[in-house]
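> Quick one, what's the 3D model for this:
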Amino acid sequence: MKNITVLYLTILNLFSLCIYAQKAKVSSADKKYDNYAYIDAIKTYERVAEKGYKSPDMYQKLGNAYFFNSELDKAVKWYDELFALTTNVDPVYYYRYAYCLRSVGQTDKANEMLKIYNQKSDNSSKGESYIKEVNYLDKIKANSGRYKIKDGGVNSKYSDYGSSFYNDKLVFTSSRDTGSLGQRKHTWTDQYFTNLYETNLTGDSLTPSKVNKFSKNVKSKFHEASAVFTRDGKTMYFTRNNYLDGKKGKDENKITLIKIYKASFENNDWANIIELPFNSNNYSTAHPALSPDEKTLYFVSDMPGTLGESDIFKVSINSDGTYGAPENLGKTINTTGKETFPFVSEENEIYFASDTHSGLGGLDIFVSKIKPDGTFDEVQNVGADVNSPKDDFAYLINTQNRIGFFSSNRDGGKGYDDIYQFLETKRLIPKCKPELNGLITELATGQILTNAKITLYDDQHKIIKSIESDEKGSFSFNVENEKTYSVRAEKEDYTTTEKTIAIPANDCKTELNLAFEKALCKVAVGDDLGKCFGIKWIYFDLDKSNIRPEAALDLAKILDVMGQYPNMKIDIRSHTDSRASFKYNDALSERRAKSTKDWLIQNGINPSRLSSKGYGETKLFNNCSDGIKCTEEEHQQNRRSEFIITAL
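This next block holds a predicted model:
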């Protein structure tokens, strides 16, 4: 932005016709555009401030002007003044102040400001278990009551868990042959030997029939668990201890971990069992799941790059049968704890178990929509019907009839873990994808502005995304409910503007319009100079004509400009509200106009450059005339002064 000769700085309320550049002389009504004045409001603010006038609004404008122009040392000066005057500011000012302080080496003070910013933006300890969502129980409650649950019909007194659809069968994991019970880590498999079993599913209710052992070719003398099948039934991925062709592998600590294996269905049985290339003797891989198009394999691992105890990863399955490099699903899905047992539905929703996302205790089941770009929507707890204070995991659903299975060690079961069947009677209400959108316009004219750079920041003021306003001046961002964002708009020849907004809960579309101001205010004879500074009126108390302190600050701006333009002449026009008599108001407005004029003369303006006139109640700003009931604020809008340029 520094390639323009005039600082690209903030100005308020430009004159509504100043954007129309005039290459030839144009006259309209009382305005003559053969002579202009270009008012740099920021320079005026600085000169006024240096004379001792104080205002939070003015200090904000000055600090922002230099902050957005990357002149951080100058921004520090004015933010210092702002915080010396008041701390009742938008939290984003603490961030800006800290950013500037750090740039000039005031690290300790910067850290103090950032600490306050974190507190004020409610952002002090996100990511720490349940602290990040104090209302998580309300959210779980809202997602509950959607399932009818019953025993899965395949359970034993041993551990039964982890089911998968295979043609018209249900394949699951069980330790029923060992008779050995004990604790096991649900991140992986039962500590005791488990095998795969199958049962036929009949009817619309998916009623299981007799349970049979799965293929003998797949069974080993160690664990088998968590099988998943391709749609054509010809390929199977499953979890097994590090054991292949009679050989047991061990890590450097002599422990046999678990790996994912692949098998092919040939001659009515499973054969060609191989381990996948991203397995290792030094970390575990387990619980495979396939994407609907079967081009991506999801799995669980504690391999290098894991964020917690176990994370969910994905790997591409190439057309030639090779595999890509494993990718961690990232912090939306994975936490510092355990994520495990992924399942991806035909609707491209990933279900998984976690002991760290906000839940009811132990492992809970969660769901997130997989976006087209591979990222994830907000993670949601599926509700208290499926989830319990114990471990709940291994969710599986047929999206055609909404019947599925999950595993749990909740009270009332038959064994250590049991498989439960459910009917989802009501879909988890898909939250609309919240959007933050708005319109970019010029403040003075309302004209739409295209190709403005719009940047979205999170509540830690980190950039999320930058776009440009379209041909209609519009912009749109995907956001999340109940989060706070800042939106900054930048465009050459205009001052940078930024606003902060909190996205309401359950709001699908939130509007935030941004209006640009010209970097310079261009005025001509007939224009109101006050509009360059947003001076819509000089305030007077009821029935009085003395200059109020806030009015003195605005008059100081007029005074400064007249000092910069010695040929400028001003006609001061004063107005009253409709209360009191017409005659009284006429006299009152004359006194107010004279009071304004006298203030400027007392502060150095030659009387020959000033004229004044009181209009009483003859030119009301609104419809608050005699007999009309209005508020005090509406009446005060009529008590105003204008500064019409009569010569330049």
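> can you give me the helices for the stretch 1-150 of the chain?
Ranges of helices in the stretch 1-150 of the chain, per DSSP state H, counting those that start in this stretch, are 41-50, 56-68, 72-85, 92-103, 107-120, 136-142.
> Might you report the residue contacts of residue 161?
By CB atoms under 8 Å, 6 or more residues apart in numbering, the contact list for residue 161 reads 172-174, 190, 393-394, 407, 417-419. Where you see a C-beta, it was placed from the backbone N, CA and C, and this is true even at glycine.
> ugh, wrong one, residue 509
Residue 509 makes contact with 434-435, 437, according to CB under 8 Å, 6+ apart.
> swap in residue 346?
292, 399-400.
> got the residues you listed as CSV, with distance to residue 106 and neighbour count columns?
Formatted as CSV, the contacts of residue 346 follow (distance: CB to CB, whole Å; neighbours: other CB atoms under 10 Å):
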residue, distance to residue 106, neighbour count
292, 54, 15
399, 57, 13
400, 63, 7
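> With secondary structure, distance to residue 117 and pLDDT added, can I get those in a markdown table?
Formatted as a markdown table, the contacts of residue 346 follow (DSSP: H, G, I helix; E, B strand; the rest coil; distance: CB to CB, whole Å; pLDDT from 0 to 100):
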| residue | secondary structure | distance to residue 117 | pLDDT |
| --- | --- | --- | --- |
| 292 | coil | 43 | 96 |
| 399 | coil | 44 | 92 |
| 400 | coil | 50 | 90 |
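> Listing request: residues of the chain with sub-threshold pLDDT.
Low-confidence segments of the chain, defined by pLDDT under 70: 1-34, 122-135, 178-192, 243-256, 429-432, 505-506, 536, 539-546, 578.
> What about residue 138, how many residues nearby?
Residue 138 has 10 neighbouring residues, counting by other CB atoms under 10 Å.
> Domain ranges for the protein, per the record?
Domain assignment of the chain by automatic domain parsing yields the ranges 144-424, 539-648.
> so which of these comes closest to residue 80?
Nearest of those to residue 80, taken as CB to CB: domain 539-648 at 19.1 Å.
> If you count residues, where's the longest helix of the protein?
The longest helix of the chain (DSSP state H) is helix 582-602.
> Which of the contacts of residue 161 sits closest to residue 272?
Closest approach between the contacts of residue 161 and residue 272, by CB to CB: residue 173, at 21.8 Å.
> Checking that closest one next. Helix, strand or coil?
Counting by DSSP: H, G, I helix; E, B strand; the rest coil, the backbone at residue 173 sits in strand.
> Not counting residues beside it along the chain, what's closest to residue 353?
Distances taken as CB to CB, 6 or more residues apart in numbering place residue 393 nearest to residue 353, at 3.7 Å, with adjacent residues excluded.
> Go ahead and confirm residue 422 touches residue 401.
No: using CB atoms under 8 Å, residue 422 and residue 401 do not qualify as a contacting pair, with a distance of 11.4 Å.
> okay, these two: which has more neighbours?
Set side by side, residue 422 and residue 401 show more neighbours around residue 422, with 22 against 12, by other CB under 10 Å.
> residue contacts, the more buried one?
147-150, 385-386, 403-406.
> which of the residues you listed tops the neighbour count?
Most neighbours among the contacts of residue 422, by other CB under 10 Å: residue 406, with 29 neighbours.
> so where does that one fall, helix or strand?
Using DSSP states H and E, residue 406 maps to strand 403-408.
> okay, that strand in CSV with CA atoms only?
Extracted in CSV, the C-alpha atoms of strand 403-408 (Å, rounded to 0.1, in the frame of the first residue of the first chain):
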residue,chain,number,x,y,z
ILE,A,403,-29.9,-49.9,10.7
GLY,A,404,-26.4,-50.5,12.2
PHE,A,405,-24.3,-51.9,14.9
PHE,A,406,-21.9,-50.5,17.5
SER,A,407,-19.9,-52.0,20.4
SER,A,408,-19.9,-51.2,24.1
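> now the strands for the stretch 251-400 of the chain?
For the stretch 251-400 of the chain, applying DSSP state E, counting those that start in this stretch gives strands covering 258-266, 269-275, 285-290, 296-301, 311-316, 327-328, 339-344, 349-354, 364-369, 380-381, 392-398.
> Make CSV out of those strands and add distance to residue 103 and mean neighbour count.
CSV is the format used below for the strands of the stretch 251-400 of the chain (distance: least, CB to CB, whole Å; neighbours: other CB atoms under 10 Å):
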stretch, distance to residue 103, mean neighbour count
strand 258-266, 50, 20
strand 269-275, 53, 15
strand 285-290, 46, 25
strand 296-301, 42, 24
strand 311-316, 37, 22
strand 327-328, 34, 15
strand 339-344, 39, 26
strand 349-354, 40, 25
strand 364-369, 39, 22
strand 380-381, 41, 24
strand 392-398, 49, 24
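> got these as TSV, with distance to residue 162 columns?
TSV is the format used below for the strands of the stretch 251-400 of the chain (distance: least, CB to CB, whole Å):
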stretch	distance to residue 162
strand 258-266	13
strand 269-275	18
strand 285-290	8
strand 296-301	12
strand 311-316	15
strand 327-328	22
strand 339-344	7
strand 349-354	11
strand 364-369	13
strand 380-381	20
strand 392-398	4
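> Out of these, flag the one nearest residue 482.
strand 380-381 (13.4 Å).
> what lines up beside the closest one in the sheet?
Next to strand 380-381 in the sheet, as set by DSSP bridges, lie strand 364-369 (antiparallel).
> returning to what we had before: closest to residue 574 among the contacts of residue 422?
residue 385 (71.0 Å).
> returning to what we had before: nearest to residue 85 among the contacts of residue 161?
residue 393 (56.8 Å).
> surely that closest one meets residue 342?
No: contact criterion CB under 8 Å: residue 393 and residue 342 do not qualify, at 10.3 Å.
> Would you check how far apart residue 86 and residue 340 are?
For residue 86, the distance to residue 340 (CB to CB, to the nearest Å) stands at 51 Å.
> That should have said residue 351, apologies.
Applying CB to CB, one obtains 11 Å for the distance of residue 351 from residue 340.
> And for residue 609?
For residue 609 relative to residue 340 (CB to CB), the value is 80 Å.
> How about residue 284?
From residue 284 to residue 340 the distance is 11 Å (CB to CB).
> which ones are touching residue 449?
Listed by CB under 8 Å, 6+ apart, the contact set of residue 449 reads 440-442, 469, 473, 491, 494, 516.
> please redo it, this time with the cut-off set to 6 Å
By CB atoms under 6 Å, 6 or more residues apart in numbering, the contact set of residue 449 is 440, 442, 473, 516.
> number of nearby residues for the last one?
With neighbours defined by other CB under 10 Å, the count for residue 516 comes to 22.
> how about the helices in the stretch 451-600 of the chain?
Under DSSP H, counting those that start in this stretch, the stretch 451-600 of the chain gives helices at 549-564, 582-602.
> so can I have TSV of these showing distance to residue 110 and mean neighbour count?
Listed next are those as TSV, based on distance: least, CB to CB, whole Å; neighbours: other CB under 10 Å:
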stretch	distance to residue 110	mean neighbour count
helix 549-564	30	19
helix 582-602	41	19
